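> This is the structure alone, sequence omitted:
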């Protein structure tokens, strides 16, 4: 999930140095008015100078509602209390898996960059 973009840029550069076949996929909210704390919708944001768009082999947009639902699901089913941007990263990872062809294999890696502790008072926890 793109925020300051530093983690995406640094990790992507290093991984692609080690293996140029690695595919790096950026994730961002699907609109300028979103509820994914810390994430940037780059078309409407001041893009950090460190960001290098050429590192992204693909760009996926994640809906706030999908991130909220995944945060609830991870807490209830997996015992993982993650924040909305971390949940959005899982949503994106699952979308990448869904795009794979039936006989295709891949290793999908994401970073769960925030805890859900600071979001416990948010209403989305009570939604279904």
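Cool, got the structure. In this text the structure is predicted, and so the values were computed from the model without any measurement.
> In the protein, which residue is most central in space?
For the chain, the residue nearest the mean C-alpha position is residue 89 (2.6 Å; Cα atoms, centre = their mean).
> so what's that residue closest to, chain neighbours aside?
Nearest in space to residue 89, with sequence neighbours left out and distances taken as Cβ to Cβ, 6 or more residues apart in numbering, is residue 110 at 4.4 Å. Bear in mind the C-beta positions are built from the backbone N, C-alpha and C, glycine included.
> Could you give the number of residues near that neighbour?
The tally of other residues near residue 110 (other Cβ atoms under 10 Å) stands at 17.
> name the element the residue lying farthest from the centre of the chain belongs to?
Computed with Cα atoms, centre = their mean, the residue of the chain farthest from its C-alpha average is residue 103, at 25.2 Å. Following DSSP states H and E, there is no helix or strand that holds residue 103.
> now swap in residue 35 and tell me
Using DSSP H and E, residue 35 sits in no helix or strand.
> Now the closest residue to it other than its chain neighbours: phi and psi?
Closest residue to residue 35 apart from its sequence neighbours, by Cβ to Cβ, 6+ apart: residue 64 at 4.1 Å. Main-chain dihedrals, residue 64, degrees, to the nearest 10: phi -60, psi -40.
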